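Enquirer: Attaching a predicted model along with its sequence, questions to come.
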Amino acid sequence: MKFPHRPHLVASQEEFPTQVAVMVDDPTAPGGKRLTFTGPIHNVVDFLAKRINFTYSYVRPDDREWGMRSKDGSWSGMAGQVFREEADISGGPHGIIDERKKDFHCGPIVFMTHHTILAARGRPEVDPWGFLLPLSPVVWMAVGAALLAVITAMLLLPSCLPPHTNHPPRQETNIFNCIRILLQEDVSKPSGWWWWEYVVQGVWMLVMVVLTQSYVGNLMSLLAVRHISHPYQTLRDVINDPNMKILIMAYLPKMALFKTVESGVYRELADLFDTERVTTSTYNNLMADMSRLARPGTHVVFNADMNFWNFMAADFSLAGQCDFYVGRSTYFPLPLSVMAQKNSPVSTAVDRG
């Protein structure tokens, strides 16, 4: 669908890390300057303008917010400008949540984001259990099994000798010799060793030399690199720690998912929304709140992962070091789209364009 007469639309837009507001020269605009943006969402709006035949100009909300609905039903931010018909569309991108779908028309999905956690990295420290790291548990078990096999061989081989053979009993000596070889200590040599005793203990010595040198080399490498703790990898880790607080966006408690779920990690998170363990933020304050609250390690942030990558990149540019990490688990996807006035010709055109 295309507009036949190429109308002029007003687009509400705001800055975020990949979207920058710029003023360009335009003799037809008031003051000779016109507001525009550079970034992927501007490209989407520009594509829609060419596709369905309209011109557009940008406006920015006074509060510089994406927009949330207040108790009296009004909207703030870019959503408020569209709701009050001060703008026809808003590029956002806006998360498609139930309360927005009631008052606005959400266009085709632009891209998807997932929620995860961001926390402060621990300080470099030496792992007190580092001596166990060079060899895996399977290798440690194999060494113990090999030690038992060698000791068993040393104890059983004398029984295979002919009955008339005069073989002095020295079971305790052979057992302790095998253990002393494992511990890299000297070995006592009783008189009258048989050739097979030389062979068994010689092979055991050779195996222990190879294993010990491998262990020592790996241990030195591990001790040269300090361990950095990343204790919170999942939302469950955060909820189970009563001393850790959570920073979330203000829209999360209003999502239907947290209102209807009856059990599991989402239910437990929803139960914390009205407690002191949860702090809410708006998009305009999110970067500052993440730096202020997450950096000291008192808060873990639960938000869309695209915000984390932008924040971490900007923070690294300023600090010269990476002070944060992102958890390995991701949670519910959030589709993002362009938003328009509900039940208007613009919404129909955006949908079909």
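Expert: Happy to help now that I have it.
Enquirer: Domain-wise, how is the protein divided?
Expert: Per automatic domain parsing, the domain ranges recorded for the chain read 8-112+337-352, 118-124+230-334, 130-224.
Enquirer: Most tightly packed of the ones you listed?
Expert: Of all those, domain 8-112+337-352 carries the top mean neighbour count, a mean of 17, counting by mean count of other C-beta atoms under 10 Å. To be clear about C-beta, it is placed using only N, CA and C from the backbone, and glycine gets the same treatment.
Enquirer: Now distance to Lys2 too, for the domains of the chain, in CSV please.
Expert: As requested, the domains of the chain are exported to CSV (distance: least, C-beta to C-beta, whole Å):
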stretch, distance to Lys2
domain 8-112+337-352, 4
domain 118-124+230-334, 31
domain 130-224, 65
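Enquirer: Could I get those domains in JSON lines, plus columns for mean pLDDT?
Expert: Converted to JSON lines, those look like this (pLDDT from 0 to 100):
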{"stretch": "domain 8-112+337-352", "mean pLDDT": "81"}
{"stretch": "domain 118-124+230-334", "mean pLDDT": "82"}
{"stretch": "domain 130-224", "mean pLDDT": "73"}
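Enquirer: what's the closest non-adjacent residue to Gly122?
Expert: Leaving aside its sequence neighbours, Gly122 sits nearest to Ser229 (C-beta to C-beta, 6 or more residues apart in numbering; 3.1 Å).
Enquirer: Strands of the stretch 251-353 of the chain, residue ranges please.
Expert: Taking DSSP state E, counting those that start in this stretch, the strands of the stretch 251-353 of the chain run over residues 278-281, 299-304, 324-326, 331-341.
Enquirer: For Val200, find the nearest of the ones you listed.
Expert: For these, the distance to Val200 is smallest for strand 324-326, at 50.4 Å, taking C-beta to C-beta.
Enquirer: packing partners for that closest one?
Expert: Packing partners of strand 324-326 (3 or more C-beta pairs under 8 Å, 6 or more residues apart in numbering; DSSP states H and E): strand 104-120, helix 305-319.
Enquirer: List the strands paired with that strand, with their directions.
Expert: Next to strand 324-326 in the sheet, as set by DSSP bridges, lie strand 104-120 (antiparallel).
Enquirer: Downstream of the strand it pairs with, the next helix or strand is which one?
Expert: helix 137-156 (DSSP states H and E).
Enquirer: helices or strands up against that following helix?
Expert: Looks like helix 137-156 contacts helix 171-182, helix 195-224 (3+ C-beta pairs under 8 Å, 6+ apart).
Enquirer: Now do that helix: everything it contacts.
Expert: Helix 137-156 is contacted from outside by 132, 135, 171, 174-175, 177-179, 182, 197, 200-201, 204, 207, 211, using C-beta atoms under 8 Å, 6 or more residues apart in numbering.
Enquirer: Closest to Met306 out of these?
Expert: Leu132 (38.5 Å).
Enquirer: OK, contacts around Gly32?
Expert: Contacts of Gly32 (C-beta under 8 Å, 6+ apart): 25-26.
Enquirer: Also Asn343?
Expert: Neighbouring residues of Asn343 by C-beta under 8 Å, 6+ apart: His105.
Enquirer: hmm, back to that, select, out of the helices and strands packed on helix 137-156, the one closest to Val24.
Expert: helix 195-224 (53.8 Å).
Enquirer: Quick one: list the elements packing against that closest one.
Expert: Counting by 3+ C-beta pairs under 8 Å, 6+ apart, helix 195-224 packs on helix 137-156, helix 171-182.
Enquirer: Tell me what angle that helix forms with helix 137-156.
Expert: With axes from the mean of the first three to the mean of the last three C-alpha atoms, to 10 degrees applied, the angle from helix 195-224 to helix 137-156 works out at 160 degrees.
Enquirer: I'd like to check the angle between helix 195-224 and helix 171-182, please.
Expert: Using the same axes, to 10 degrees: helix 195-224 against helix 171-182 is 30 degrees.
Enquirer: Give me the distance between helix 195-224 and the centre of its chain.
Expert: 40 Å (C-alpha atoms, centre = their mean, to the nearest Å).
Enquirer: Packing partners of the helix or strand that that helix is followed by?
Expert: Using DSSP H and E, the helix or strand that follows helix 195-224 in sequence is helix 235-240. Where contact means 3+ C-beta pairs under 8 Å, 6+ apart, helix 235-240 is packed against helix 265-271, strand 299-304.
Enquirer: Which one, of the ones you listed, ends up nearest to Asp25?
Expert: The closest of the helices and strands packed on helix 235-240 to Asp25 is strand 299-304. By C-beta to C-beta, the value is 35.4 Å.
Enquirer: Mind listing the strands the closest one pairs with, and their directions?
Expert: Next to strand 299-304 in the sheet, as set by DSSP bridges, lie strand 104-120 (antiparallel), strand 245-249 (parallel).
Enquirer: now it, how far from the chain's geometric center?
Expert: Put simply, strand 299-304 sits 10 Å off its chain's centre (C-alpha atoms, centre = their mean).
Enquirer: and Met339, bridged to which residues?
Expert: Beta-bridge pairing of Met339 under DSSP bridges involves Ser90, Cys106.
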